[in-house]
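Visitor: Fold the stuff below for me.
(chains A and B)
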Amino acid sequence: MTFKSVFDTYNWDDVKRSIYNKTSQDVERALLKQQCDIEDFKALISPAAIPYLEQMAQRSHQITLARFGKTIQLYIPLYLSNECKNICTYCGFSLDNKIPRKTLKPQEILLEVEAIKNMGYEHVLLVTGESSHDVGVDYLQNTIKLIIPQFSNIAAEVQPLDTHEYETLILAGLDTVLIYQETYHKEDYKKHHPKGKKSNFYYRLDTPDRLGQAAIHKIGLGVLIGLEDWRTDSFFTALHLSYLEKKYWKTKYSLSFPRLRPHKGLLQPKVEMNDRELIQLICAYRLFNHQVELSLSTRESENFRNHAIKLGITSMSAASKTNPGGYVVEPQSLEQFEVSDERSVHDIVSVIKQQGYEPVWKDWQKFDQLYYADLL
Amino acid sequence: MLVIANKVFSSRLFTGTGKFSSPNLMQESLLASGTELVTVALKRLDLHKDDDILPYLKHTQFNLLPNTSGVRNAAEAVFAAQMAREALGTNWVKLEIHPEAKYLLPDPIETLKAAEELVRLGFIVLPYIHADPVLCKRLEEVGVAAVMPLGSPIGSNKGLKTIDFLEIIISQSNVPVIVDAGIGAPSDAAKAMELGADAVLINTAIAVSNNPINMAVAFKKSVEAGRMAYESKLAMPVEHAVASSPLTSFLDGHFDLTN
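Guide: Model (predicted):
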């Protein structure tokens, strides 16, 4: 059994209606509970909860403090390639977007790694498009082996793979995989992914199951906000999270909530989510799940990120480049999306400290002897 | 005086080092708490960076207790303890194996396995465990230096939810009992000490308070008060009024109903 069998018992329109029918009484009941269930979560993300935003923020702050303390984990993406065989209507790397394609070679990767290390990073996120010829399992495996001495934690946001392929990469030293469903709206998903392996909705939907079976340390979930009704999509994200936590109980989880940003000649958001609503979603996730990591990227503005630190966020990227070679090798290549917060690491660290938080560079270590062959 | 593995502690308040808003504040709080044993997660340490927390813990008041947080089985825990011994020059280890990712609850089976192996390798082992009296005895048998049962889930600030089992553990244990995890208020710490716990370990309640230094002092005082009360023999609460016509007084020849 996988998440598919749970997912298929739900109907998008019914869920949406149920969320929009929540009342202020439902919200107040949710706010009184120590532990919210998925119905409470619906109330907290509903329009009825908007007047309760300050109360939600206070609770979210308190719950996050107890679990994570006054700390913000820092990570940075390392884009390896913009090769992609998929058409995704919202993505700069889409196959039908005529851009120069680039895949970093080992020497180039090491140059990028050096730049990242000089900024202080210990947690890195490897990003590629989907092109099994250029950036298949072998490429990823070799890259992980190449950089493993340099980082405490290696995450990847790449094409979905089979269980045995994940096992290969985990053995090489991969700790975390981010796999965003983009949208749980099956029909809209098809519209946004007309061509390529990514057009298979259910293969993507069951990717976290394959990761769980491969015993990955951490899985990141999320949707691309702007493709469909964000409330309904976030409900399914929460449902997916609850299912996974119960089944793969040794795995940790993180959530992201990237908002679709305008990009070179591509899709404009169908649904706009304003700042107030994004804060509502962050707080609702926290009240629903006290332990899940909540991550905020440089897609968001300086002002928003400054204030989100205290509201439930636990990890942030800073000084990110979203193009392969963006740090030193080829700074001018096309970005996947436009970074909104362009401040330096130094500036972000100062902001975190000003808020009374400690920036954490390293909170992970591999304890399997396998990775320390040189020590033995 | 509390003695663990031949080491004498005058403070019965042990502390953690996570969740503080800055290393400076961590150091000041720990100094104020009077703690002599501070646990530090190996996974958090970066031995190559100067602004890491380790320099802030180099103080004559502090003994380091490296912990194995982040490991998921006995083999990883043993390896982590060896890395810690190498890096920090101590054979003390707080054995934490919590493969469960949500509430960080300890795995009793892997913990017992790892404890046995670490003792064999010459470590002073302090295992973090559920408040399970039988597990405590099993750990004692393999040679741990103390046991560290939890009061409630780590970071929860819920206090002594496991109190009935803590009482059994304390009454049966031949090694020091350190109540770890979940203690949210100085009154919880005092209660644990009144029960006869040998020490408590506090992290979240100090680190995330609005004034960690003052909170550290509050815990210091409560631990001292609780211990003093325990040593002075607390009066037992009296549940019922003392019967004015005792049921057994006939044995002394009073109220002979046959006369």
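Visitor: roughly how far out does stretch B:118-136 sit from the chain middle?
Guide: Taking CA atoms, centre = their mean, to the nearest Å, the mean C-alpha location of stretch B:118-136 is offset from the chain mean by 12 Å.
Visitor: so A:Asp26 is in which element?
Guide: helix A:24-32 (DSSP states H and E).
Visitor: wait, does the next helix-or-strand element following that helix contact chain B?
Guide: Counting by DSSP H and E, the next helix or strand C-terminal to helix A:24-32 is helix A:38-45. No: if you take CB under 8 Å from any CB of the partner chain as the test, helix A:38-45 misses chain B, and the best it gets is 15.9 Å. For every residue, glycine as well, the C-beta is placed using N, CA and C.
Visitor: Show residues contacting helix A:38-45.
Guide: Residues from elsewhere that reach helix A:38-45, judged by CB atoms under 8 Å, 6 or more residues apart in numbering or on different chains: A:15, A:18-19, A:22-23, A:26-27, A:29-30, A:33, A:36, A:49, A:56, A:231, A:234-235, A:238-239, A:242, A:280-281, A:283-284, A:287-288.
Visitor: Which pLDDT value belongs to the closest residue to B:Gly122 other than its chain neighbours?
Guide: The shortest distance from B:Gly122 to any non-neighbouring residue, by CB to CB, 6 or more residues apart in numbering or on different chains, is to B:Asn91 (6.0 Å). At B:Asn91, the model reports a pLDDT of 96.
Visitor: Same check on B:Lys43?
Guide: 87.
Visitor: Double-check it against B:Gly70; I have them as touching.
Guide: Yes: using CB atoms under 8 Å, B:Lys43 is in contact with B:Gly70, at 4.1 Å.
Visitor: what touches both of the two?
Guide: With CB under 8 Å, 6+ apart as the test, B:Lys43 and B:Gly70 both reach A:Trp364, A:Gln365.
Visitor: Neighbours of A:Lys218, how many?
Guide: Around A:Lys218 there are 18 other residues, counting by other CB atoms under 10 Å in any protein chain shown.
Visitor: Can you report phi and psi for it?
Guide: Main-chain dihedrals, A:Lys218, degrees, to the nearest 10: phi -150, psi 140.
Visitor: May I have the beta-bridge partners of it?
Guide: Beta bridges link A:Lys218 to A:Thr176, A:Lys252, judged by DSSP bridges.
Visitor: Quick check: the residue of the stretch 1-150 of chain B nearest chain A.
Guide: B:Lys19 (2.2 Å; CB to the nearest CB).
Visitor: Could you look up the SS state of that residue?
Guide: Secondary structure assignment for B:Lys19 (DSSP: H, G, I helix; E, B strand; the rest coil): coil.
Visitor: residue contacts, it?
Guide: Per CB under 8 Å, 6+ apart, neighbours of B:Lys19: A:Phe68, A:Gly69, A:Lys70, A:Thr71, B:Asn203, B:Thr204, B:Ala207, B:Val208.
Visitor: tell me which of the residues you listed is nearest to A:Ser94?
Guide: A:Phe68 (36.1 Å; CB to CB).
Visitor: Got the confidence number for A:Lys85?
Guide: 89.
Visitor: Neighbours of B:Val3, how many?
Guide: 11.
Visitor: May I have the beta-bridge partners of it?
Guide: B:Val8.
Visitor: Isn't it up against B:Phe9?
Guide: Yes: using CB under 8 Å, B:Val3 is in contact with B:Phe9, at 7.4 Å.
Visitor: what residues are up against A:Pro47?
Guide: A:Tyr20.
Visitor: outside of stretch B:114-128, which residues touch it?
Guide: Contacts for stretch B:114-128 (CB under 8 Å, 6+ apart): B:4-5, B:65, B:67, B:74, B:77-78, B:81-82, B:85, B:91-98, B:106, B:111, B:139, B:142-148, B:150, B:178, B:180-181.
Visitor: Next step: the residues you listed restricted to strands.
Guide: B:Ile4, B:Leu65, B:Asn67, B:Trp92, B:Val93, B:Lys94, B:Leu95, B:Met148, B:Ile178, B:Asp180 (DSSP state E).
Visitor: now those residues as TSV including distance to chain A and neighbour count?
Guide: Shown next, in TSV, are these (distance: CB to the nearest CB, whole Å; neighbours: other CB atoms under 10 Å in any protein chain shown):
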residue	distance to chain A	neighbour count
B:Ile4	25	19
B:Leu65	17	22
B:Asn67	12	27
B:Trp92	18	23
B:Val93	13	30
B:Lys94	14	27
B:Leu95	13	28
B:Met148	20	27
B:Ile178	21	23
B:Asp180	16	30
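Visitor: remind me, longest strand of chain A?
Guide: Ranked by residue count and defined by DSSP E, the top strand of chain A is strand A:71-79.
Visitor: Now find how far off-centre whichever helix or strand comes after that strand is within its chain.
Guide: Once the chain leaves strand A:71-79, the next helix or strand it forms, by DSSP H and E, is helix A:106-119. Computed by CA atoms, centre = their mean, the chain-centroid distance of helix A:106-119 equals 23 Å.
Visitor: The strand or helix carrying A:Ser295 close to chain B?
Guide: Assigned by DSSP H and E, A:Ser295 belongs to strand A:293-296. No: counting by CB under 8 Å from any CB, chain B is not contacted by strand A:293-296; separation bottoms out at 10.5 Å.
Visitor: which stretches of the stretch 251-376 of chain A form strands?
Guide: A:252-256, A:293-296, A:315-317, A:358-360 (DSSP state E, counting those that start in this stretch).
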